[in-house]
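> Build me a structure from this.
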Amino acid sequence: MSPSRPPGPPARTVFPRTSPAVLADDGDALTFCTTCAFSQACLSEGMDKSALMDLHVLVEHVGPLHAGEHVFREGDPFTAIAAVRAGTVKTYQVDRNGHEQVLGFHLPGEVIGLNAIHGDRYPCNAIALDTVMLCRFSFPRIATLAQRLPNLQQHLFRLMSHDIGVASLFARDNSADERMAAFLIGLSRRLAARGFSPRRFQLTMSRTDIANYLRQAPETVSRVLRRFEQDGLLHIKQRDVEIVDLPRLEALALAVLRS
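Residues are numbered from 1 along each chain as shown. I've put the predicted structure just below:
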């Protein structure tokens, strides 16, 4: 009788479903939420949540917001930034002709509202694509705390720099295949960092939104996804995606991601 095979690692949750391993909790008196975007920066300064409360850095838990509800709208007064705890938030602008331009899709652990720091009003709209939970941080209080915590200030700068880098990803003259591969690999890596499966996930955004974000026609997005499936890179069923050949998809994405 052959020896039994040792159990493998537990299967990761398929986004956007949640499990105790990835569901953002409220923390307690001495620990942060599991998706807190600032906890590591503050903890590296030797401060726990009780110390932050002493400094009046209050965090407001917001939600649930349902699909179609706005977190903020372009022109609203800027008072806070928000970290996504669960769900997906789309940011977008509408031009003078009424055409929407998708700026990004924000997943658990990611921050929205950073592009409003330089002004007094939000320069874009943010809308829930599914059921969304948020942590809202008063920006004046975070800014005051950052003056006392150099690591927190550096973390804010890194977040802003990352947003600028992401915004320029699809400004280059890359092929439709390279753009789609980069989009899917980007989602895979971001979800894996939050404890979700890097190979299986649901596209919580519409193909029209994906096409808008990638600066492509919706028919191009559908055609590329079909070709990826025919070539054995993906399995697709409606919005459910399974990456079958991760190394090949990463190689195709390299021209865009360059990392």
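
> Any regions of the stretch 51-200 of the chain where pLDDT drops low?
51-58, 161, 164-168, 171 (pLDDT under 70).

> can you give me the helices for it?
139-148, 150-167, 176-193 (DSSP state H, counting those that start in this stretch).

> In the shortest one, which residues are buried?
Going by neighbour count (16 or more other CB atoms under 10 Å), the buried part of helix 139-148 is 139, 141-142, 145-146. C-betas here are computed from N, CA, C, even on glycine.

> Any chance of JSON lines for the residues you listed, columns distance to residue 124?
Listed next are the buried residues of helix 139-148 as JSON lines, based on distance: CB to CB, whole Å:
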{"residue": "139", "distance to residue 124": "16"}
{"residue": "141", "distance to residue 124": "23"}
{"residue": "142", "distance to residue 124": "20"}
{"residue": "145", "distance to residue 124": "25"}
{"residue": "146", "distance to residue 124": "23"}
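
> rewinding a little: which of the helices of the stretch 51-200 of the chain is buried the deepest?
Compared across those, helix 176-193 shows the largest average neighbour count, a mean of 20 (mean count of other CB atoms under 10 Å).

> where's that helix relative to the chain centroid, distance-wise?
12 Å (CA atoms, centre = their mean, to the nearest Å).

> Could you do stretch 219-233 as well?
24 Å.

> again, but for stretch 186-195
9 Å.

> Let me see the residues that make contact with it.
Stretch 186-195 is touched from outside by 12-13, 15, 21-22, 35, 107-110, 169, 197-199, 201, 243, 246, 253, 257, with contacts defined as CB atoms under 8 Å, 6 or more residues apart in numbering.

> Narrow these to those in strands?
Of the contacts of stretch 186-195, the ones assigned to strands by DSSP state E are 13, 15, 197-199, 201, 243.

> picking up where we left off before, go through the buried residues of helix 139-148 and say which is closest to residue 224.
residue 139 (39.0 Å; CB to CB).

> Surely the closest one touches residue 111?
No. Assessed by CB atoms under 8 Å, residue 139 is found out of contact with residue 111, at 11.0 Å.

> who touches both of these two?
Between them, residue 139 and residue 111 share the contacting residues residue 81, judged by CB under 8 Å, 6+ apart.

> Out of the helices of the stretch 51-200 of the chain, flag the one nearest residue 211.
helix 176-193 (9.8 Å).

> angle of that closest one against strand 196-202?
For helix 176-193 against strand 196-202, the angle by axes from the mean of the first three to the mean of the last three CA atoms, to 10 degrees is 130 degrees.

> circling back: so which of the ones in strands among the contacts of stretch 186-195 is the closest to residue 177?
When those are compared against residue 177 (criterion: CB to CB), the nearest one is residue 243, at 14.7 Å.
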